[in-house]
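Chemist: structure for the following, please:
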Amino acid sequence: MAYFSHQDPGHPESKINFQLAQMEIQRWSILIDDPSVDASSLVMELKSITGESRRFIAQAIDAIWALNSLPILRIVVETHFHIRIPYLARIMQAVKQAGEDLWPELDRRIAEKLSPRVPGQILMEASALAGLITKWIKELDPNFTGKKKGLSGEERSLIFRHSEGRTYFSGDFDGVSGQRFQKALEALKIKGGSLADAFMDFLEQKTAVKVVQHLFTPLVGGVSWLPGAGFLSQEESRKLGEMKSRTIDMDAVALRVENGYTPSPLLKLYVMARDGTCRHPGCTVSAQNCQIDHVIPFGEGGLTVMWNLQCLCSHHHNMKTDKRVKAAIDVMGRVTWIGPANRPVVTEPSGPLAQEMPTGQWGQTLAARMEASLKRLRNSLERKDG
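Modeler: Take a look at the predicted model:
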């Protein structure tokens, strides 16, 4: 039986989780039942009735809007009561970016993500699901970019301030432009130098610069993924795709077995693009800012292969190294964590190379078959190594 970690049928806390979510959602469904009422008056009345902040009331309005607009999501939520008002509100904030003609398809995909695949799976962070919804909209709508205005209210800005012989400047750019600028400065930086020194070299045209970026593009459909910038729009995917100078088949990298402790750059890229973020439960640090960890330590016989590597931020890497938590990984890239409470919690990869599996018994059976096949391969490699 598949369930999210906070729905564990063997733990009494799960019953409390269910009841709290049920009461909260039912309460606000009753309070917000007339979409034609004046919004400002409604907020004033709800504040006086509930004592909640305006921010929470705004979240509640978005949450009930989500339930009323996404019927499949409503069925899932009112069956399990496993998510609460702020989570629902974050879903609706992301869905509102799309035209209403796309809502039925988004509804189906959201409900799928809110259905667990394995026992003890951790619920995806609301911010991560919102990011995934934005990615889906980019796939479905060729004109959607997902770009937000910066702090200045414009899509991009560069501000200079000169004072007492010094110049201070700050910029606000889209993720793709920001990544290209950083990569250009890193390419110019000499050993022991700084990005500021590289910037001066760039201004003085002392060195030619060649920017190398890795763009992950699906073989069929979808949109491309740029480390640090995330999933791109269809137009950005097309433009950057036209700039490529080399194509690498990442499927071949997935089967690579390497001899040393440090993974090759390509294997690191594969693990980073599979995981998307730090794999510790609840952590959303970008994989680009993580370290590569051997799930079974290299010194204890762990191999440098895709199915024994994961992305961890420095904090959670230290926790695992200090043995405050334990981890195990399967062929699908799912990582099972066990902490002081001795309760298994499962995280799934979220990057563009993560393999999607359907929910239900068929998906679990196929996953088990694939795991058994890879286990035989592991054993064969370990015997050869021994």
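Chemist: C-alpha only now, for contacts and for neighbours.
Modeler: OK.
Chemist: what are the buried residues along stretch 179-189?
Modeler: 179, 183, 184, 185, 186, 187, 188, 189 (16 or more other Cα atoms under 10 Å).
Chemist: I figured the last one hits residue 198, correct?
Modeler: Yes - distance between residue 189 and residue 198: 4.8 Å, which falls inside the contact criterion (Cα atoms under 8 Å).
Chemist: tell me where the protein has helices.
Modeler: 12-31, 39-50, 54-69, 71-80, 85-95, 103-113, 126-140, 175-188, 195-203, 234-242, 250-254, 265-275, 314-321, 361-385 (DSSP state H).
Chemist: out of those helices, deepest packed?
Modeler: For the helices of the chain, the largest average neighbour count (mean count of other Cα atoms under 10 Å) is found in helix 265-275, namely a mean of 22.
Chemist: what's around residue 326, how many residues?
Modeler: 19 (other Cα atoms under 10 Å).
Chemist: same check on residue 224?
Modeler: Residues within reach of residue 224, counting by other Cα under 10 Å, total 23.
Chemist: okay, now the unreliable bits of the chain?
Modeler: 147-155, 191, 206-209, 355-374, 376-386 (pLDDT under 70).
Chemist: right, and the helices of the chain - which one's nearest residue 335?
Modeler: Nearest to residue 335, of all the helices of the chain, is helix 265-275, at 10.2 Å by Cα to Cα.
Chemist: for the closest one, name the packing helices and strands.
Modeler: helix 250-254, strand 309-312 (3 or more Cα pairs under 8 Å, 6 or more residues apart in numbering; DSSP states H and E).
Chemist: can you do 7 Å?
Modeler: On a contact count with 3 or more Cα pairs under 7 Å, 6 or more residues apart in numbering; DSSP states H and E, helix 265-275 meets strand 309-312.
Chemist: tell me how many other residues surround the nearest residue to residue 139 once chain neighbours are set aside.
Modeler: Nearest residue to residue 139, sequence neighbours excluded (Cα to Cα, 6 or more residues apart in numbering): residue 222, at 5.3 Å. Per other Cα under 10 Å, the neighbour tally for residue 222 reads 19.
Chemist: number of nearby residues for the closest residue to residue 175 other than its chain neighbours?
Modeler: Of all residues not flanking residue 175 in the chain, residue 229 sits nearest, at 4.7 Å (Cα to Cα, 6+ apart). When neighbours are defined as other Cα under 10 Å, residue 229 has 15 of them.
Chemist: please begin residue numbering at 224 from this point
Modeler: Sure thing, new numbering starts at 224, so read that last one as residue 452.
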